[in-house]
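Peer 1: Build me a model:
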Amino acid sequence: MILLGAAEVGSVRYLMELYPHLDFQFDCVGSKLTEQIFVENNLQLNSDWQNSKPLAVITGTSLGNSLDKKIINWANQLGLPSISIIDHWSWYRKRFELNNQLVLPDFIFVNDDIAYDDALSEGLPSEKIVIAGNPVLESLYLNVNRQLIAKEEMLNLYNLPTKRIIFFISEELASCFNATDDVLGYDEFSVLDQIISLLKPSDHLVIKMHPEEKTDKYHYLKNDNVSLLRMIDIYSLNVLADVVIGMASMLLLELAMLRNDIISFRPNAKQAFIGRRLSATVDVTSQEELESLLSYPEYIDGKFRESFNGSSARITSLIKDII
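Peer 2: The predicted structure follows:
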């Protein structure tokens with residue numbers, strides 16, 4: 001049996017792409033955000049995991065005194081093989097920091113050579129870092145032509161008008177970073193204000209909320225021209241959206257596996273976004289640039305997608321070798 005554990009949705013989605021390829025039994029440990037995803041995939045939750053005897057543990061990564069770190073600490077104490085996955089391109093070292101120490105597994109799976117170099121430069125040990133790929137991005141690459149109902153029916157389903165539909169991919173930034181503007185150069189509220197000020201009468205904005213955001217976070221913005229949406233699958237979002245604007249969410253990269261016009265809008269950005277480094281998104285850092293882009297769209301060539309093909313097979317092989 002392998003114990004799977006993750007506190008964040010992105011990590012669980014990564015694990016859910018993998019487990020069908022592995023010929024093992026699984027027990028799972030989740031947070032309030034992730035338990036339901038395990039259940040929906042017919043996997044067994046184990047509330048008594050600390051008294052279990054798995055062959056190995058595979059976890060996600062998250063900041064602070066998280067479930068992921070608790071599982072890794074437990075595995076290290078018992079001498080169990082341990083793997084942690086980093087499904088994004090950010091905060092490599094910080095994900096493992098706790099009380100001025102590093103809580104490290106035996107192996108850390110990262111997405112590509114860019115992630116490997118960044119993790120190394122942040123001080124993670126080279127012998128633990130493995131370039132593995134990303135099975136979520138691979139799955140989107142393989143299912144790019146997935147058939148859905150027509151856009152007109154989708155608009156009715158989500159009660160949206162027949163206008164240009166602009167999706168904003170929100171993130172929980174302002175509450176997670178002290179002095180967000182100093183760290184990033186922007187936050188979700190300042191970005192939204194600038195987007196809303198550019199809306200035309202023929203536009204309708206849909207704010208796609210992150211699972212970690214409070215339900216009432218943007219209620220003050222709701223009106224005839226602005227809708228809020230928490231749950232929608234990525235293929236439906238792709239059909240509905242005439243324009244997609246986000247900041248630095250992993251969902252932008254996922255959508256970039258399906259289309260060539262994803263906009264990363266980060267006013268006064270102080271850090272590079274992986275979407276630009278991969279040539280996966282159209283990067284803009286000022287309201288003037290965004291206004292121009294809304295009138296005259298730009299497109300990426302999509303070549304970056306091919307590098308993620310074969311991720312599931314590669315990761316499966318790595319896990320089998322470790323166990």
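Peer 1: So what touches the strand or helix carrying Glu289?
Peer 2: Using DSSP states H and E, Glu289 maps to helix 287-295. Helix 287-295 is contacted from outside by Ile166, Gln194, Ile195, Ser197, Leu198, Val243, Ile245, Ile263, Phe265, Pro267, Val282, Val284, using C-beta atoms under 8 Å, 6 or more residues apart in numbering. From N, CA and C alone the C-beta is placed, and that goes for glycine too.
Peer 1: Separate out the buried members of those residues.
Peer 2: If you count burial by 16 or more other C-beta atoms under 10 Å, the buried members of the contacts of helix 287-295 come out as Ile166, Gln194, Ile195, Leu198, Val243, Ile245, Ile263, Phe265, Pro267, Val282, Val284.
Peer 1: Name the nearest residue to the first one, sequence neighbours excluded.
Peer 2: Spatially, and ignoring its direct neighbours in sequence, Ile166 is nearest to Val243 (4.4 Å; C-beta to C-beta, 6 or more residues apart in numbering).
Peer 1: ok so, going back, buried set for the helix holding Glu289?
Peer 2: When burial is assessed from 16+ other C-beta under 10 Å, helix 287-295 yields the following buried residues: Gln287, Leu290, Leu293, Leu294.
Peer 1: Can you add distance to Glu172 and pLDDT and give the residues you listed back as a markdown table?
Peer 2: Formatted as a markdown table, the entries for the buried residues of helix 287-295 read as follows, by distance: C-beta to C-beta, whole Å; pLDDT from 0 to 100:
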| residue | distance to Glu172 | pLDDT |
| --- | --- | --- |
| Gln287 | 23 | 96 |
| Leu290 | 22 | 97 |
| Leu293 | 25 | 96 |
| Leu294 | 25 | 96 |
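Peer 1: ok now the helix or strand just after the helix holding Glu289, how far from the chain's centre?
Peer 2: Sequence order places helix 311-322 as the next helix or strand after helix 287-295, per DSSP H and E. Distance of helix 311-322 from the chain centroid (C-alpha atoms, centre = their mean, to the nearest Å) equals 21 Å.
Peer 1: Show me what helix 311-322 is packed up against.
Peer 2: Using 3 or more C-beta pairs under 8 Å, 6 or more residues apart in numbering; DSSP states H and E as the contact criterion, the neighbours of helix 311-322 among helices and strands are helix 9-18, strand 56-59, strand 107-110, helix 135-142.
Peer 1: Fine by me, thanks again.
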